[in-house]
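>>> Sequence first, predicted coordinates after that:
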Amino acid sequence: MQMNQHGFNENYQFENFTEKNGNEWAKVGALAVVQNLGTLYNPFYLYGQPGAGKTHLIQSVGNQVLKENPNTQVKYISAKDFADECLEASKIGDLEQFRKCYSNLDLLILDDIQALSEMAISVQDELITIFDLLRRQQKQIILSSSCEVDELENFNPKLTLRFKLGLIVSLSLIEK
């Protein structure tokens, strides 16, 4: 697995994403995000069962954005790692710097957002703050999850409301 400096698997490209079982719409939406970063579908919320191709598709967005503009400030991170960073920043009293790092991004990709259901409420509150900062600046947010927004358990309703502000697309498992 070849990873680039941003943590993207370089093999995850739009060209090799399998389009079956209605997954064409997810790819069309992801391509539209690349062409209209921060403006058209923000956030872009992608959900489906494990193995459906969510990570492939969201990393394809990151790879394509960087291919078209290598100076774009991009961060790909799992929700668990985001929570760990947030809790560490809170512990050492450096939440302002944490927010600043995230607010300087052009594209934030949060994978497996459902993992935040098991984290401290303060993490969700920080995500709301960062979410609002990024959207206000028309910076793109991409989220992946194993479930629909309304099925997220133990989530702040203010956060799930924000997830619904953009495009929500499902991915189906490919039948073999």
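Good, I have the coordinates. A quick note: this is a predicted structure, and the numbers were derived from the prediction, not measured. Numbers count the residues shown, from 1 in each chain.

>>> now stretch 66-84, how far from the chain's geometric center?
9 Å (CA atoms, centre = their mean, to the nearest Å).

>>> could you give me the average pLDDT of that stretch?
In this model, stretch 66-84 has a mean pLDDT of 95.

>>> end-to-end on it?
26 Å (CA to CA, to the nearest Å).

>>> Pull out the buried positions in it.
66, 72, 74-79, 82-83 (16 or more other CB atoms under 10 Å). Heads up, the C-betas are built off the backbone N, CA and C, glycines and all.

>>> what about the chain, any weak spots by pLDDT?
Within the chain, the segments meeting pLDDT under 70 span 1-5, 174-176.

>>> cutoff 80 now
Filtered on pLDDT under 80, the chain yields the residue ranges 1-7, 19-22, 173-176.

>>> Do you have the strands of this protein handy? List them.
Listed in chain order, the strands found in the chain under DSSP state E are 44-48, 74-78, 107-111, 140-145, 167-171.

>>> Now do the last one against strand 44-48, angle only.
Spelled out, it's strand 167-171. 20 degrees (axes from the mean of the first three to the mean of the last three CA atoms, to 10 degrees).

>>> Which elements pack onto strand 167-171?
For strand 167-171, the elements it packs on are helix 24-35, strand 44-48, judged by 3 or more CB pairs under 8 Å, 6 or more residues apart in numbering; DSSP states H and E.

>>> now do the second one
With contacts defined as 3+ CB pairs under 8 Å, 6+ apart, strand 74-78 has these neighbours: helix 54-68, strand 107-111.

>>> now do the third one
Judged by 3+ CB pairs under 8 Å, 6+ apart, strand 107-111 is in contact with helix 54-68, strand 74-78, helix 79-91, strand 140-145.
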